[in-house]
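**Q** Here's a sequence, model it:
(one chain, ligands or ions: 1)
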Amino acid sequence: MTARLLPGAPAAAALLADVAARAARLPAPPRLVMVRLGDDPASVSYVRGKDRQARAAGLESTVHALPEATTQAELLALIAGLNADPAVNGILVQLPLPAHVSEQAVLHAIDPRKDVDGFHPVNVGELWAGRPALRPCTPAGILFLLDHYGLPVVGQRAVVVGRSHIVGRPLAGLLLNRDATVTVAHSRTPDLAAVTREADLLCVAVGQPHLITPGMVKAGATVIDVGINRVPGQDGGKAHLTGDVDPAVAEVAGAITPVPGGVGPMTIAQLLANTVTAAEMQAGGQGTR
Ligand SMILES: Nc1nc2c(c(=O)[nH]1)N[C@@H](CN(C=O)c1ccc(C(=O)N[C@@H](CCC(=O)O)C(=O)O)cc1)CN2
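**A** You can find the predicted model right below:
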């Protein structure tokens, strides 16, 4: 058996079509403002992709590309100005930040109503309380992808490997809110394979190339690979991206996301969906759904 492949592009396109339609119904195009510090090539590329796709979906987008040496106080002053500006609907600070800036101080400074990353403690709390709020983009994008492909969540035994604030923890909360039975495994989990073999829905977000091997997966399970690992090419060849899941798992799983081209594209599409949601909420409309 070879698993059904779950590419992100068609699901992201469906989400972006909905984003564009909702944006067009608002009195003014939603405005997203992104802040990036330094020139980390991956961050530069992700922010460029977000900016390009935002404009393509009919949103307005501004990028503040600040020097690496920008102080925390300077960054907090910029965020305070964006919070106070009624023309700004969504604010995103690209992560990771340089070591001299406290990620917590910065993320907590963003107005929760404009927090399109869903990282502010108010939004984290609403997620775990099962109430509507802005949700972190990669986990919310994964739920959209599962729904797009008609894969069940309710009643599924879900295992999330990884407990990061960006993916693992919020994904566990979202799956719980959709009535999955959720286990979170991590680097201190004894006998990881015994835990992952229980999963009908296995989501892996740890950043370890090919951590999950075929013997760790239940036959027919849905496997969501969130890992994006850049590995050097063999014999001096080109570096390439690989996931946290060994490609041989496709011989055991029922469905699997590829890397690249699986979960990655959902992150940006969901960010734009969150920006429209924020604008709808600020306009006094429905917002999260
Ligand atoms: N403020 C935030 N910072 C970061 C987030 C985030 O959600 N908010 N997530 C990641 C980076 N990220 C978006 O910011 C992101 C990661 C990966 C992709 C993606 O499309 N990946 C492609 C491969 C792209 C490549 O060649 O590198 C894929 O998986 O197919 C989009 C966005 C950390 N920072």
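**Q** Please count neighbours and contacts with C-alpha atoms only from this point.
**A** Fine.
**Q** what's the closest residue in space to Thr267 that isn't next to it in sequence in contact with, if anything?
**A** Spatial nearest neighbour of Thr267, excluding adjacent residues (C-alpha to C-alpha, 6 or more residues apart in numbering): Thr138 at 4.5 Å. By C-alpha atoms under 8 Å, 6 or more residues apart in numbering, the contact set of Thr138 is Ile166, Val167, Val263, Gly264, Met266, Thr267, Gln270.
**Q** Report the separation between Thr138 and Arg48.
**A** From Thr138 across to Arg48, the span is 17 Å (C-alpha to C-alpha, to the nearest Å).
**Q** And the pLDDT for the residue nearest to Ala250 when sequence neighbours are not counted?
**A** Among residues not flanking Ala250 along the chain, Ala3 sits closest, at 5.0 Å (C-alpha to C-alpha, 6+ apart). For Ala3, the model assigns a pLDDT of 98.
**Q** Repeat that for Gly233.
**A** 86.
**Q** Let me see the contact set for the residue lying closest to it once chain neighbours are set aside.
**A** Among residues not flanking Gly233 along the chain, Ala239 sits closest, at 4.5 Å (C-alpha to C-alpha, 6+ apart). Shown in contact with Ala239 (C-alpha under 8 Å, 6+ apart): Arg230, Val231, Pro232, Gly233.
**Q** any idea how far Asp244 is from the last one?
**A** From Gly233 across to Asp244, the span is 17 Å (C-alpha to C-alpha).
**Q** what about these two, which has more around it?
**A** For the pair Gly233 and Asp244, the greater number of neighbours falls to Asp244 (24 against 11), based on other C-alpha atoms under 10 Å.
**Q** The more buried one contacts Cys203, correct?
**A** No. Applying C-alpha atoms under 8 Å as the test, Asp244 and Cys203 come out as separate, 9.8 Å apart.
**Q** Now the common contact residues for those two.
**A** Asp225, Val226.
**Q** Thank you kindly, that will do.
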